[in-house]
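> Provided below for reference: sequence and predicted model.
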Amino acid sequence: MEISICIITKNEAHKLERCLKALQPYNFEIVVVDTGSTDNTKEMALQYTNSLYDFPWCDDFAAAKNYAVQKAKNDTVLVIDSDEYLQELNLNELWKMVKSHPNDVGRIQRINILNRNGETNRMKEWVNRIFNRRLFHYSRRIHEQLVPGSVFEQDSEQNTSQELENKIVYSTYLTNIKLEHDGYNGSEEERRKKAQRNIILLKKELDLNPEDTYILYQLGKGYYMAGEYPQAVSYFDIALGYDVNPKLEYVIDMVETYGYALLNSQQPQKALMLEGIYEEFGNTADFQFLMGLIYMNNGLFEQAIEEFLKAAKQPDAKSEGVNSYLSFYNAGVIKECMGDVKGAMRLYSQCGDYKKALERLEQIK
């Protein structure tokens, strides 16, 4: 296959090895660029590839990834992270897709796995990862994005979100690649350390472009992942004060994360203002589920049940369970609290093997 896999890494020997093992059966060329590891990452990587390079870290993820892409033997590249690992891929189908979209960017499905409070949450998203390096390169030092222009001739200036939106006018297509990503897992200290690293770089970006809504969004997201919800809310407040495009993926995610940040910072009444944008965002299971939680936390139980049952009817959702067992469970909890035990049991029974629902059924039957 005339596709090269490009990975940048630092001090992630265990995760990188899992990543490389998952790629091994497919016989891709694999390029690994190390940005300053002090563990055995480089020695381990050499067991899987001879294409190992060093890149002096300069607080710029785009620069590191562009360097890795330049080192590939093939013009068509697939960029993945060392904390991602392949789950599904049909090589023949993938190659047909790539050949039929020579000037476009291929999107892969990434499943983000979060383990919190004894539960595992799986959230899916589509990310741009397959491209011809003669046509595209990365821009932005953190949370880098693909923009048109050869990787061998890219400019060094940092683009604002508006400039990137103007540049990202290329066509994309969905591939059959599915990856799992657990980079947000680990100990609380590990999560905070990673979030703080990102926040430092993002604040440097914000100093250059203080009205950049994408950077404000990513800062809010960084504080959210670190569990610092009031700070997350403050950055989301600023970003949403600008005229943002409700159709952009990051804006949709920002609105939803903002709602959860408000709930997690004990501001349920303020979260009710999301009712005002229901017409623009309320057609997805994820937003309907969020509104169910907001109503629930404000004691508006009938409205909450209505939203949960709406979400449960949706055919798809980004976050696993919000269009099925999680919505039925939350609606069941409300029914039980309202004294409608039979109604609660009916809802719990629709939760499949969800542990919490089974426990409630056992206790109230």
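Okay, I see it. Just so it is clear, the structure is predicted and the values come from calculations on it, not from any experiment.
> lowest-pLDDT helix or strand in the chain?
When the helices and strands of the chain are scored by mean pLDDT, DSSP states H and E, helix 161-167 comes last with a mean of 63.
> adjacent strands (with direction) for the following helix or strand past it?
With elements assigned by DSSP states H and E, the helix or strand that comes after helix 161-167 is strand 172-181. Note on strand 172-181: by DSSP bridges, its sheet partners are strand 84-88 (antiparallel), strand 105-116 (parallel).
> ok, which of the ones you listed comes nearest A285?
strand 105-116 (16.5 Å; C-beta to C-beta). Heads up, the C-betas are built off the backbone N, CA and C, glycines and all.
> distance between the very next helix or strand once past the closest one and the chain's centre?
Using DSSP H and E, the helix or strand that follows strand 105-116 in sequence is strand 119-132. Distance, stretch centre to chain centre, for strand 119-132: 6 Å (C-alpha atoms, centre = their mean, to the nearest Å).
> what inclination does strand 119-132 have with respect to strand 172-181?
140 degrees (axes from the mean of the first three to the mean of the last three C-alpha atoms, to 10 degrees).
> who are the packing partners of the helix or strand following strand 119-132?
Counting by DSSP H and E, the next helix or strand C-terminal to strand 119-132 is strand 136-139. Packing partners of strand 136-139 (3 or more C-beta pairs under 8 Å, 6 or more residues apart in numbering; DSSP states H and E): helix 61-70, strand 145-148.
> hey, which of these is tucked in deepest?
Per residue and on average, the most neighbours among the helices and strands packed on strand 136-139 fall to helix 61-70, with a mean of 22 (mean count of other C-beta atoms under 10 Å).
> got the angle between it and strand 119-132?
60 degrees.
> how far out from the middle of the chain is helix 61-70?
The answer for helix 61-70 is 20 Å, by C-alpha atoms, centre = their mean.
> by mean pLDDT, show me the worst of the strands paired with strand 172-181.
Mean pLDDT is lowest for strand 105-116 among the strands paired with strand 172-181, at a mean of 91.
> hey, C-alpha coordinates of that one in PDB?
C-alpha atoms of strand 105-116 as PDB (Å, rounded to 0.1, in the frame of the first residue of the first chain):
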ATOM      1  CA  VAL A 105      -8.900  14.600   2.900                       C
ATOM      2  CA  GLY A 106      -9.900  11.200   4.400                       C
ATOM      3  CA  ARG A 107     -11.600  11.200   7.800                       C
ATOM      4  CA  ILE A 108     -11.300   8.300  10.300                       C
ATOM      5  CA  GLN A 109     -13.600   7.400  13.100                       C
ATOM      6  CA  ARG A 110     -12.000   7.900  16.500                       C
ATOM      7  CA  ILE A 111     -13.500   6.500  19.700                       C
ATOM      8  CA  ASN A 112     -12.500   8.500  22.700                       C
ATOM      9  CA  ILE A 113     -12.500   6.300  25.900                       C
ATOM     10  CA  LEU A 114     -13.000   8.000  29.200                       C
ATOM     11  CA  ASN A 115     -13.000   6.100  32.500                       C
ATOM     12  CA  ARG A 116     -14.500   8.200  35.300                       C
END
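> buried set for it?
The neighbour-count check on strand 105-116 (16 or more other C-beta atoms under 10 Å) flags V105, G106, R107, I108, Q109, R110, I111, N112, L114 as buried.
> what does stretch 299-308 give?
L300, F301, Q303, A304, I305, E306, E307, F308.
> can you tell me which of those residues is nearest Y278?
E307 (9.7 Å).
> gap between the closest one and T284?
To T284, E307 is 12 Å away according to C-beta to C-beta, to the nearest Å.
> can you check T172 too?
Per C-beta to C-beta, T172 is found 20 Å from T284.
> one more: Y295?
16 Å.
> and stretch 184-203, what's buried?
For stretch 184-203, burial by neighbour count (16+ other C-beta under 10 Å) applies to Y184, R191, R192, K194, A195, N198, I199, L201, L202.
> what does stretch 65-84 give?
Neighbour-count burial for stretch 65-84 flags 65-72, 74-84 (criterion: 16+ other C-beta under 10 Å).
> and for stretch 203-216?
Judged by neighbour count using 16+ other C-beta under 10 Å, the buried positions of stretch 203-216 are E205, L206, N209, D212, T213, Y214, I215, L216.
> could you redo these as TSV and give each row secondary structure, pLDDT and distance to G259?
Shown next, in TSV, are the buried residues of stretch 203-216 (DSSP: H, G, I helix; E, B strand; the rest coil; pLDDT from 0 to 100; distance: C-beta to C-beta, whole Å):
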residue	secondary structure	pLDDT	distance to G259
E205	helix	88	25
L206	helix	91	23
N209	coil	87	26
D212	coil	91	22
T213	helix	93	17
Y214	helix	92	19
I215	helix	93	20
L216	helix	96	16
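> farthest from the middle of this protein: give me that residue.
Largest separation from the mean C-alpha position in the chain: K365, at 39.6 Å (C-alpha atoms, centre = their mean).
> wait, what's in contact with that residue?
Neighbouring residues of K365 by C-beta atoms under 8 Å, 6 or more residues apart in numbering: M345.
> quick one on the thing from earlier: hey, least reliable of the helices and strands packed on strand 136-139 by pLDDT?
strand 145-148 (a mean of 91).
> sheet partners, orientation included, of that one?
Strand pairing for strand 145-148, using DSSP bridges, gives strand 136-139 (antiparallel).
> now the strand it pairs with: average pLDDT?
In this model, strand 136-139 has an average pLDDT of 93.
> how about that strand: buried residues?
Those would be F136, H137, Y138, S139, for strand 136-139 by 16+ other C-beta under 10 Å.
> E180: which of those residues is nearest?
Closest approach between those and E180, by C-beta to C-beta: Y138, at 22.6 Å.
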